[in-house]
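A.B. asks: Here is a sequence together with a model predicted from it:
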Amino acid sequence: MFINQFYDKGLAHASYGVIRAGKMVVIDPARNPQQYYDLASLHEAEIVGVIETHLHADFVSSHLEIHQTTGATVYISKLAGAEYPHETFDDGDIIDLADIKLKAINTPGHSPDSICILVEDENGKDAAIFTGDTLFVGDVGRPDLRESAGNITAKKEELARRMFHTTRHKLMPLRKDVIVYPAHGPGSLCGKNMSADLQSTIGRELRENYALQPMEEAEFVELLIADQPFVPKYFGYDVETNKSGAPAFKQGIDAVKVVESVSVEKGVLIIDSRPAKQFKNGHLSGAVNLQDGEKFETWLGSIVAPDEQFYLIAASEHCINEAVAKAAKIGYEKNIKAASTQLKGEHIQDADFTDDLVANQNNYTIVDVRNTGETAKGKVFESAINIPLPELRERVNEIPTGKPIVVHCAAGYRSAAASSIIEAAVTNTPVFDYGEAIKALLK
């Protein structure tokens, strides 16, 4: 048996290819299926199955495209209400892959339709388990994403209670040497305490995972619900997209129109993905500086609504292709009205106000766009107004405009986006991005 983990740092997403005797099963595939085809070709294997551990909220899956391209059967819990061709895969169901078995275990908690896949090796021994968003290294899946999305909705308190019983009755009794392969790693918004490691064992999780320690159900529920990260705007949309099945990846990105310059339609958002320095040297009026980086797609889906069109600006044709592919990971390529390398426009004048800001905070309106979990640990400037970046477009009118506005986050990425959002919304008030200088104050 050969198991290959594919890891996408941008979405902190792990998917898998399991190969045995020339047959391959893909688990929780990403939007672009080419990597799975390449692995199958390398090992001269036929892709015969795709298993979804649940309806994913944080990325769009290629399960339907793989089925249409290879004829592979898609397996998913009957509770998902999948609307594409599939076979249900629930407690007691088994996929035979030559002389190994992939066994379904219903594990509700992160979502009502969550399953894990227990692998029985050629010797009849339980050897590994693919845990989806149920069990991570050091964490378990958050229970608050399915209150209004999916075939079956459930309140977070109910799903937290179900997670308690899932962990105690389905996962913790497994052999301690069973290898754990989760669907996410650190940086994912599907949990709150993930380790940097991308695999583990049941034994290690029993020792180290906070959620698997001895406690009463009520304590577990309270602990699991507390301090979960924010929910991006696109999560519910991706649940529904994965329920019906997404269009083919290449078809989606090829449909994006690339032009030399954009004639901006009033009311349509502009996302400028260039580095902050380039953006400040010249950009289109009203543009949001969402720099293309490791988390571009997450922040795109946090700032832009799933039904909202936008223009995409990038530094080069290569950068356009990269940004479009990232947008497609969350199903947002359809939102791009046009993409361009148009660079000319308004200029932002930087100002050296660092020392004055520290000494005279009351002379400025300071906006802290970190998340509430970060600011709960303490503010950098006591007078700062906290508006997390994902909420800023809707709450920008809460910012007083009688003084120069200074925006900061924790490292400079979010403040670049936030300052551009505020700059587009206010008039006759200078807006400054504190940028990377904030790092010195956070040491």
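C.D. replies: Okay, I see it.
A.B. asks: From now on I want contacts and neighbour counts done on CA atoms only, so please keep to that.
C.D. replies: OK.
A.B. asks: those helices in the stretch 201-350 of the chain, which residues are they?
C.D. replies: Ranges of helices within the stretch 201-350 of the chain are 202-208, 217-225, 235-244, 249-254, 276-281, 296-303, 317-329, based on DSSP state H, counting those that start in this stretch.
A.B. asks: Tabulate these (JSON lines), appending distance to Lys377.
C.D. replies: Formatted as JSON lines, the helices of the stretch 201-350 of the chain follow (distance: least, CA to CA, whole Å):
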{"stretch": "helix 202-208", "distance to Lys377": "24"}
{"stretch": "helix 217-225", "distance to Lys377": "18"}
{"stretch": "helix 235-244", "distance to Lys377": "27"}
{"stretch": "helix 249-254", "distance to Lys377": "41"}
{"stretch": "helix 276-281", "distance to Lys377": "28"}
{"stretch": "helix 296-303", "distance to Lys377": "22"}
{"stretch": "helix 317-329", "distance to Lys377": "32"}
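A.B. asks: So, low pLDDT: which residues of the stretch 1-150 of the chain?
C.D. replies: For the stretch 1-150 of the chain, no stretch is flagged by pLDDT under 70.
A.B. asks: Actually, the stretch 251-400 of the chain.
C.D. replies: Those would be 344, 346-355, if you go by pLDDT under 70 across the stretch 251-400 of the chain.
A.B. asks: can you pull out the strands in it?
C.D. replies: Secondary structure of the stretch 251-400 of the chain (DSSP state E, counting those that start in this stretch): strands at 258-259, 269-272, 288-289, 310-313, 336-340, 365-368, 385-386.
A.B. asks: Pick the most deeply packed of those strands.
C.D. replies: strand 288-289 (a mean of 26; mean count of other CA atoms under 10 Å).
A.B. asks: From the chain's centre, how far out is that strand? Work that out for me.
C.D. replies: Centroid separation for strand 288-289 versus its chain: 20 Å, with CA atoms, centre = their mean, to the nearest Å.
A.B. asks: any residues touching it, and which ones?
C.D. replies: With contacts defined as CA atoms under 8 Å, 6 or more residues apart in numbering, strand 288-289 is touched by 269-276, 279, 416-418, 420-421.
A.B. asks: neighbouring strands for it, and are they parallel or not?
C.D. replies: strand 269-272 (parallel) (DSSP bridges).
A.B. asks: Kindly indicate which of the contacts of strand 288-289 lies nearest Gln5.
C.D. replies: Closest approach between these and Gln5, by CA to CA: Ser273, at 29.4 Å.
A.B. asks: Just give the closest residue to that closest one, not the sequence neighbours.
C.D. replies: Excluding the flanking residues, the one nearest Ser273 by CA to CA, 6 or more residues apart in numbering is Gln291, at 4.2 Å.
A.B. asks: now for whichever strand or helix holds Ala104, which elements pack on it?
C.D. replies: Assigned by DSSP states H and E, Ala104 belongs to strand 100-106. Using 3 or more CA pairs under 8 Å, 6 or more residues apart in numbering; DSSP states H and E, the elements in contact with strand 100-106 are strand 94-97, strand 115-120.
A.B. asks: would you list these in TSV and tack on distance to Ile152?
C.D. replies: Putting the helices and strands packed on strand 100-106 into TSV (distance: least, CA to CA, whole Å) gives the following:
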stretch	distance to Ile152
strand 94-97	24
strand 115-120	14
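A.B. asks: Kindly state which of these is positioned closest to Thr69.
C.D. replies: strand 94-97 (20.2 Å).
A.B. asks: Next, the buried residues of that closest one.
C.D. replies: Ile94, Ile95, Leu97 (16 or more other CA atoms under 10 Å).
A.B. asks: Then stretch 48-57?
C.D. replies: For stretch 48-57, burial by neighbour count (16+ other CA under 10 Å) applies to Val48, Gly49, Val50, Ile51, Glu52, Thr53, His54, Leu55, His56, Ala57.
A.B. asks: ok so, going back, now for the helices and strands packed on strand 100-106, which one comes closest to Ala80?
C.D. replies: strand 115-120 (10.3 Å).
A.B. asks: Compile the strands of the stretch 251-400 of the chain into CSV and extend it with columns for distance to Phe2.
C.D. replies: Putting the strands of the stretch 251-400 of the chain into CSV (distance: least, CA to CA, whole Å) gives the following:
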stretch, distance to Phe2
strand 258-259, 41
strand 269-272, 42
strand 288-289, 43
strand 310-313, 40
strand 336-340, 39
strand 365-368, 47
strand 385-386, 49
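A.B. asks: Nice, that's everything, thank you.
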